[in-house]
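Colleague: Sequence and predicted model, in that order:
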Amino acid sequence: MSALLSVKDLRIDYLTSGEPFTAVRDISFEIQLNEILGLAGESGCGKSTVAYALMRLHKPPALVRNGHILFEGRDVLSFCDKELRAWRWSEVSMVFQSAMNSLSPVMTIFRQFYDMLRAQSTVTKAQAQERTAQMLEMVGIPADRMHAHPHQLSGGMRQRVALALALTLKPKLIIMDEPTTALDVVVQREILQEVLRLKDELGFSVLFITHDIALMAQISDRIGIMREGKIVEIGTASQIVTAPKHDYTRSIWDAMPLLAQRPEGMAHAV
Amino acid sequence: MPSDTPILSLDNLSKTFAVRPVFGRASVVDALRNVSLDLLPGRALALVGESGSGKSTVGKMIVGVHSPTSGRILFEGQDIAAMTSKADQMRYRQAVQMVFQDPFSALNPAHTIRHHLLRALALHQPETDPDAALRSILEDVELDPVSTPDKFPHELSGGQRQRVNFARALAVKARLIVADEPTSMLDVSIRKSVLGLMQRLKSEYGLSILYITHDIATAEYLAEDTAVMFRGQVVEKGPTSQVVGNPQHGYTKLLRAAVPDPALRLTGGDAGFAAQAKFVRETSAHPVSALREISPGHVIAEHAVPAHA
């Protein structure tokens, strides 16, 4: 079976006043159907640049110099504006790091759903309300909160709203760029379990980007480690955890403060 | 518990904020409810809790940004509210320094590192040779003493800037550092080295550190004692090995279980964690009715409605 998304020799430059800076250096990877691929690395390694380029959200001075992005065999980089509009959100969606910035502060939650639904098809307000209610309940938010503005919700709830927005049009791939970094660990765990539950229920692939490699190991099927624009190692989650091959992967593990003793009982009981 | 007198004690500290929005009804937020903590000299106390639990409010009250609604803050046995003379206040402000979460906004972008540190040196150690002191302080925080002074904050990485913030605290000869999430905006890969720096400041200079964090794993790495806060109350405190290694309060257990563990795969099938989290949050929010000591120094809170019904 062919991959859902395949990236070949992708190279992205940032144009500067001097020499162009190459942020992503000829990377290649694939995401299969229903797979969670993790992309880990420190700030500035190019992981978010990859995410933005996959959605064609990169803007000058970022420039794709080389390579292909194939989504179900179609070349994403050659889409015209109309194709791009139809493709975004319905087939690929994105959850950004800070939901405070990805939701509009002056619109109610419902308005943001309505905008997206209207852009994709003709819907009545009543239909849109019904769909919004359904999506909010799915991520564990009472449906009557749809008339709230983003600032009336907690950080965790806003991130759930962002997730619900990303899932509404049943995309095949969701790109999550540090979706839980701004949240505390308990909320983070709740949201990630929600993602996994929805994935079982709806079936979609995820590109999961974070610098927290321990968290990534908990939910990803495969993990790619990025450094200075290159993927230095890619393998199954268990291989990256138990038998990292590259020195850099080992040094990331060494730099992580992990709990000395594992929690007993509860973590395994739930 | 060692018998030395604490360098800092919080005695039944409460803080209430009145929120008066431009629109809508005014309301009252109980940010802290009867918090009592002791920080012993030369040790680190980790204050752990989720966002909004009141841990940063504690830090801000210690450095005097907020004043307590009720309760006392004792510095070496002396109530800081009673320090009315200018000299006393200067001494306290010199001894207690804060390091903030955001290393990017804590330094003035228009000035070099030399300016930041020399200013602190001139104010608090006017008798020393500034250049020699500058060099030795930068060496203490593991920054290059030759190239760093002439750099501007934007030329340094987040980890380096955080080291400059610690250097500034050293320049005034601080004895207590209140570090409010000093590593949470840094990359995972350099977090441990900043923790290592704090560890060294503590063991070599005998600095006391109040380490405010939401990351229980780093608390275990650095602090001898840990207090866990939830909704403005301390729910569990004691030696870190006990609190983190053998948590007894429901909320601490929850926090402990939520720390990412690479060996444990998450699945979508277990709604148990979310249900547990909801239950613990509800029960732990009730006022603390009593503190129960379960082993020497290890105390857990009992709530008005039992947490384990």
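Modeller: Structure's in. What do you need?

Colleague: Which stretches in chain A count as strands?
Modeller: All strands of chain A, identified by DSSP state E, fall at A:5-14, A:21-31, A:36-40, A:62-71, A:74-75, A:92-95, A:173-177, A:205-210, A:222-227, A:230-236.

Colleague: can I get those in a markdown table with mean pLDDT and mean neighbour count?
Modeller: The C-beta positions use only the backbone N, C-alpha and C, and glycine is treated the same way. As requested, the strands of chain A are arranged in a markdown table below (pLDDT from 0 to 100; neighbours: other Cβ atoms under 10 Å in any protein chain shown):
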| stretch | mean pLDDT | mean neighbour count |
| --- | --- | --- |
| strand A:5-14 | 93 | 19 |
| strand A:21-31 | 93 | 18 |
| strand A:36-40 | 93 | 25 |
| strand A:62-71 | 91 | 16 |
| strand A:74-75 | 92 | 11 |
| strand A:92-95 | 92 | 24 |
| strand A:173-177 | 93 | 23 |
| strand A:205-210 | 93 | 24 |
| strand A:222-227 | 94 | 23 |
| strand A:230-236 | 94 | 18 |
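
Colleague: can you tell me which residues contact A:V123?
Modeller: Applying Cβ atoms under 8 Å, 6 or more residues apart in numbering or on different chains to A:V123 gives the contacts A:114, A:117, A:131.

Colleague: Sorry, wrong one. I was asking about A:Y114.
Modeller: Contacts of A:Y114 by Cβ under 8 Å, 6+ apart are A:123, A:125, A:128, A:132.

Colleague: returning to what we had before: from the contacts of A:V123, pick the one nearest chain B.
Modeller: Chain B has its nearest neighbour among these in A:R131, at 22.3 Å by Cβ to the nearest Cβ.

Colleague: what about the closest one, how many residues close to it?
Modeller: By other Cβ atoms under 10 Å in any protein chain shown, the residues close to A:R131 number 16.

Colleague: Then B:S193?
Modeller: 15.

Colleague: What is the neighbour count of the spatially closest residue to A:V185 that is not a sequence neighbour?
Modeller: Nearest in space to A:V185, with sequence neighbours left out and distances taken as Cβ to Cβ, 6 or more residues apart in numbering or on different chains, is B:A258 at 4.2 Å. Using other Cβ under 10 Å, B:A258 has 23 neighbouring residues.

Colleague: Now A:P142: closest residue in space, sequence neighbours ignored.
Modeller: In space, A:P142 is closest to A:L136, 7.3 Å off (Cβ to Cβ, 6+ apart).

Colleague: Could you pull up the residues touching the nearest residue to A:Q32 once chain neighbours are set aside?
Modeller: Closest residue in space to A:Q32, ignoring its immediate chain neighbours: A:A3 at 5.5 Å, by Cβ to Cβ, 6+ apart. Contact partners of A:A3, counting by Cβ under 8 Å, 6+ apart, are A:30-32.

Colleague: hmm, try it at 10 Å
Modeller: A:29-33, A:35, A:70-73, A:205 (Cβ atoms under 10 Å, 6 or more residues apart in numbering or on different chains).

Colleague: in terms of contact, does B:L176 touch B:I73 like I think?
Modeller: No: counting by Cβ atoms under 10 Å, B:L176 stays clear of B:I73, with 11.5 Å between them.

Colleague: Now render the contacts of A:V123 as CSV, adding pLDDT.
Modeller: Formatted as CSV, the contacts of A:V123 follow (pLDDT from 0 to 100):
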residue, pLDDT
A:Y114, 95
A:L117, 92
A:R131, 93
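
Colleague: Tell me how far A:F204 lies from chain B.
Modeller: Distance of A:F204 to chain B, computed by Cβ to the nearest Cβ, to the nearest Å: 12 Å.

Colleague: Was I right to think that residue contacts A:L5?
Modeller: No: taking contacts as Cβ under 10 Å, A:F204 lies outside contact range of A:L5: 11.7 Å.

Colleague: Which neighbours do these two have in common?
Modeller: Joint contacts of A:F204 and A:L5 (Cβ under 10 Å, 6+ apart) are A:33, A:35, A:92, A:172-173.

Colleague: B:Q101 in helix, strand or coil?
Modeller: Per DSSP: H, G, I helix; E, B strand; the rest coil, the secondary structure class of B:Q101 is coil.

Colleague: Three-state assignment for B:D38, please.
Modeller: strand.

Colleague: Okay, and B:I300 sits in which element?
Modeller: Assigned by DSSP states H and E, B:I300 belongs to strand B:298-303.

Colleague: Using CSV, write down the CA coordinates of that strand.
Modeller: Provided in CSV are the C-alpha atoms of strand B:298-303 (Å, rounded to 0.1, in the frame of the first residue of the first chain):
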residue,chain,number,x,y,z
HIS,B,298,5.9,14.1,55.3
VAL,B,299,2.5,15.8,55.7
ILE,B,300,-0.7,15.4,53.6
ALA,B,301,-3.8,17.5,53.7
GLU,B,302,-7.2,16.1,54.6
HIS,B,303,-10.1,17.8,52.9
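
Colleague: right, is that strand up against chain A?
Modeller: No: Strand B:298-303 does not reach chain A (Cβ under 10 Å from any Cβ of the partner chain); its nearest approach is 15.9 Å.

Colleague: where exactly do the helices run in the stretch 101-250 of chain B?
Modeller: Assignment of helices within the stretch 101-250 of chain B using DSSP state H, counting those that start in this stretch yields the ranges B:113-124, B:130-140, B:158-171, B:188-205, B:216-222, B:240-243, B:250-258.

Colleague: likewise chain A?
Modeller: A:47-54, A:81-87, A:99-102, A:109-120, A:125-138, A:155-167, A:185-202, A:213-219, A:237-242, A:247-255, A:266-269 (DSSP state H).

Colleague: Contacts only, for A:S43.
Modeller: A:211, B:157-158, B:185-190.

Colleague: Most neighbours among the residues you listed, which one?
Modeller: B:L186 (24 neighbours).

Colleague: Give me the distance between that residue and B:I212.
Modeller: B:L186 is 15 Å from B:I212, where distance means Cβ to Cβ, to the nearest Å.

Colleague: how far does stretch A:33-53 stretch from start to finish?
Modeller: End-to-end distance for stretch A:33-53: 20 Å, by Cα to Cα, to the nearest Å.

Colleague: and that stretch, how far out from the chain's middle?
Modeller: 8 Å (Cα atoms, centre = their mean, to the nearest Å).

Colleague: how about residue 14, what does it touch?
Modeller: I went with chain A, as the question did not name one. A:20-24, A:46, A:49, A:58, A:60-63.

Colleague: Switch to chain B, please.
Modeller: B:30-35, B:68-71, B:232.

Colleague: number of nearby residues for the closest residue to chain B within the stretch 1-150 of chain A?
Modeller: The nearest approach of the stretch 1-150 of chain A to chain B comes at A:E42, 4.5 Å away (Cβ to the nearest Cβ). Residues contacting A:E42 under the criterion other Cβ under 10 Å number 18.

Colleague: Surely B:G42 and B:S208 touch.
Modeller: Yes: counting by Cβ under 10 Å, B:S208 is a contact partner of B:G42 at 6.1 Å.

Colleague: Give me the common contacts of those two.
Modeller: Common neighbours of B:G42 and B:S208 (Cβ under 10 Å, 6+ apart) are B:7, B:175, B:202.

Colleague: Could you measure from the second one over to B:S53?
Modeller: Taking Cβ to Cβ as the criterion, B:R175 is separated from B:S53 by 26 Å.
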